[in-house]
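Chemist: quick check, what structure comes out for this input:
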Amino acid sequence: MDLSITLIIIIITVAASFYAWNNQTIFQKWILNPYTVHRRKEYHRLITSGFIHNDYMHLLFNMLALYFFGELVEKTYIYTFGNLGIVLYIALYIVGIIASDLPTYLKHKNHAYYNSLGASGGVSAVVFSSILFYPTEKICVYFVFCLSSFIFGGLYILYSYIQAKKGGDYINHDAHLYGAVFGIVFSILIMPSVIVSFFEQVSNWRITDLF
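Modeler: Got it, this is the predicted structure:
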């Protein structure tokens, strides 16, 4: 059975996270420490930090989100672009990780004790690419509370922006926010017609679709 790109990414991420948990030297070499990136030019951390996680719940949440949304986006890209869609999907995810980390790097490059890790930026890019293509599909939080995806997306961006400004909860909300923005911009660049499709679908949405 052929594995999807999404499943391959999940397997690599799970394996990398477990490996890093059991090897603190690797963990410290892969985590995003903007100060070290700036001083020692260890730019690989902008990518490797996206493949390791803080704990089991952090890993599980990101990989579940990637599985549910990634499979859909991957199929959409391949259906639209053929084999090129595979390359574009990988670029969406990997560049999404880097793009979401860059603002954190610039913000904390002189803060020696700041660290960040996790696939949130890449996952957010995939999730918001999905929202752009399928804005009226339902997204269920904790499998119970469901909203149309474009409403969820708007609330998520607002929440991430407020929490990023507020700070203090040790979660890199900047990565969530910039990953989401990158996913939207990337999808529009490769398929400008998605803007028209998005607004057509939203215009046909009704308040009754909330229930």
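
Chemist: okay, the spatially closest residue to Glu137 that is not a sequence neighbour: pLDDT?
Modeler: Leaving aside its sequence neighbours, Glu137 sits nearest to Ser149 (C-beta to C-beta, 6 or more residues apart in numbering; 5.1 Å). Bear in mind the C-beta positions are built from the backbone N, C-alpha and C, glycine included. If you check Ser149, the pLDDT there is 81.

Chemist: how much space between Ser149 and Tyr134?
Modeler: Separation of Ser149 from Tyr134 (C-beta to C-beta, to the nearest Å): 6 Å.

Chemist: for these two, indicate the residue with more neighbours.
Modeler: Ser149 (23 against 20; other C-beta atoms under 10 Å).

Chemist: please name the residues that touch the more buried one.
Modeler: Contacts for Ser149 were tallied using C-beta atoms under 8 Å, 6 or more residues apart in numbering; they are Ser130, Ile131, Tyr134, Pro135, Thr136, Glu137, Lys138, Ile139.

Chemist: just the buried subset of those residues, please.
Modeler: Buried members of the contacts of Ser149, counted by 16 or more other C-beta atoms under 10 Å: Ser130, Ile131, Tyr134, Pro135, Thr136, Ile139.

Chemist: quickly find the element holding the second one.
Modeler: Taking DSSP states H and E as the definition, Ile131 sits inside helix 120-133.

Chemist: list the contacts of the following helix or strand past that helix.
Modeler: Using DSSP H and E, the helix or strand that follows helix 120-133 in sequence is strand 138-141. Contacts to strand 138-141, defined as C-beta under 8 Å, 6+ apart, come from residues Ile131, Cys146, Leu147, Ser148, Ser149, Phe152.

Chemist: let's go with 10 Å and repeat that
Modeler: Under the criterion C-beta atoms under 10 Å, 6 or more residues apart in numbering, residues 65, 68-69, 127, 130-131, 145-153, 155-156, 209-210 lie in contact with strand 138-141.
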